[in-house]
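Colleague: Predicted structure and sequence below. I'll ask about it afterward.
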Amino acid sequence: MTDRLRQHLFALVGDRHPASSPQGLRDTEHYLIEQFRSIGLEVAIHAFDALGATYRNVIATRPAGGQVPPESPPLLIAAHYDTVPHSPGADDNASSLAVMLEAARSVGRTPLRRPVQYIAFCLEEEDLLGSLAYVAHLRAARREIHGAIVLECVGYATSEEGSQQAPPGLPVAVPSIGDFVGIVGNQASAELVATIEGCAKSRVPDLKTLSLVVPGQGELFPDTRRSDHAAFWQYGYPAVMLTDTANFRNPHYHQPTDVIETLNLEFMDKVTRLLVATVESLSALV
């Protein structure tokens, strides 16, 4: 699995910002569409207007089985595909795109009791504009979801003492070694957090986790809102963020040094296995 993750990373890593590298943004969109279609997923585009132009979220769907009602709320797996200007964005967020693609491939044609949608959001780095546009569309159409799992920086891990910092004021003890994945939800998504944590313990016991459930929409802890899951919280949908904690661990966050060589592929492999186990637990016909 690590070889395929590496292949995705080599295709994805590079400046992907609408101002500093619009072509990089378009190339990434095309790569994602191509990869989703190559594993048999149905691909659709959600276009939205922002920053004086039109941008696109990529949505790939694995339908539910034939005996399942077509209106069954889908499980959403998401990650953003843009970067800040002039950063290659290996951890932020090519790592998450690679994990999402490999998880989608690994789930394969497993019979599902609900649809699973894999969404690549654009303009996360511009105040979540892509996810906010998409979730507003869901709410306006009165569409329900089973829940959303948002991947945000999942490729940096180290066994070095003192490598992990803690956001101020968190009501949980944060380890001083940055070798775990954070599972961050709010009260509306507490059950989803518990499911992911259970899948980690039973299916990927070698992956350390740290779970946090915040009240409301995370207003008391702004650092828990810094990805596309917050768009779902804003509109009342259950959503969880999986993260390596970004700048609280990774010194290359939002820097030109956020390159492939800094990533931990074994850690990414574990996160992929956790995501596969969670999708199967929540959606597979067993």
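Modeller: Done, it's in.
Colleague: residue contacts, residue 56?
Modeller: By C-beta atoms under 8 Å, 6 or more residues apart in numbering, the contact list for residue 56 reads 29, 45-48, 122. The C-beta positions use only the backbone N, C-alpha and C, and glycine is treated the same way.
Colleague: Surely it is within a strand?
Modeller: Yes: assessed with DSSP: H, G, I helix; E, B strand; the rest coil, residue 56 lies in a strand.
Colleague: what's across from it in the sheet?
Modeller: Going by DSSP bridges, residue 56 is paired in beta bridges with residue 47.
Colleague: which helices and strands does the lengthiest helix in the chain pack with?
Modeller: Selection of the longest helix in the chain by residue count, based on DSSP state H, yields helix 265-283. In terms of contacts (3 or more C-beta pairs under 8 Å, 6 or more residues apart in numbering; DSSP states H and E), helix 265-283 is packed against helix 2-12, strand 75-80, helix 95-107, strand 147-152, strand 180-186, helix 190-203, strand 239-243.
Colleague: quick one, the fourth one and strand 75-80 angle?
Modeller: Pointing back at strand 147-152 there. Relative orientation of strand 147-152 versus strand 75-80 (axes from the mean of the first three to the mean of the last three C-alpha atoms, to 10 degrees): 20 degrees.
Colleague: which secondary structure elements does strand 147-152 contact?
Modeller: By 3+ C-beta pairs under 8 Å, 6+ apart, strand 147-152 packs against strand 75-80, helix 95-107, helix 190-203, helix 229-234, strand 239-243, helix 265-283.
Colleague: Which of these sits closest to residue 3?
Modeller: Closest approach to residue 3 among the helices and strands packed on strand 147-152 (C-beta to C-beta): helix 265-283, 8.9 Å.
Colleague: hey, C-alpha coordinates of that closest one in PDB?
Modeller: What follows is helix 265-283, C-alpha atoms only, in PDB (Å, rounded to 0.1, in the frame of the first residue of the first chain):
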ATOM      1  CA  LEU A 265       4.500   6.600   4.700                       C
ATOM      2  CA  GLU A 266       4.100   3.900   7.400                       C
ATOM      3  CA  PHE A 267       1.900   6.300   9.400                       C
ATOM      4  CA  MET A 268      -0.100   7.100   6.300                       C
ATOM      5  CA  ASP A 269      -0.600   3.400   5.600                       C
ATOM      6  CA  LYS A 270      -2.100   3.000   9.100                       C
ATOM      7  CA  VAL A 271      -4.400   5.900   8.600                       C
ATOM      8  CA  THR A 272      -5.500   4.400   5.300                       C
ATOM      9  CA  ARG A 273      -6.300   1.100   7.000                       C
ATOM     10  CA  LEU A 274      -8.200   2.900   9.700                       C
ATOM     11  CA  LEU A 275     -10.300   4.800   7.100                       C
ATOM     12  CA  VAL A 276     -11.000   1.500   5.200                       C
ATOM     13  CA  ALA A 277     -12.100  -0.200   8.400                       C
ATOM     14  CA  THR A 278     -14.300   2.700   9.300                       C
ATOM     15  CA  VAL A 279     -16.000   2.800   5.900                       C
ATOM     16  CA  GLU A 280     -16.600  -0.900   6.100                       C
ATOM     17  CA  SER A 281     -17.900  -0.700   9.600                       C
ATOM     18  CA  LEU A 282     -20.400   2.100   8.700                       C
ATOM     19  CA  SER A 283     -21.300   1.100   5.200                       C
END
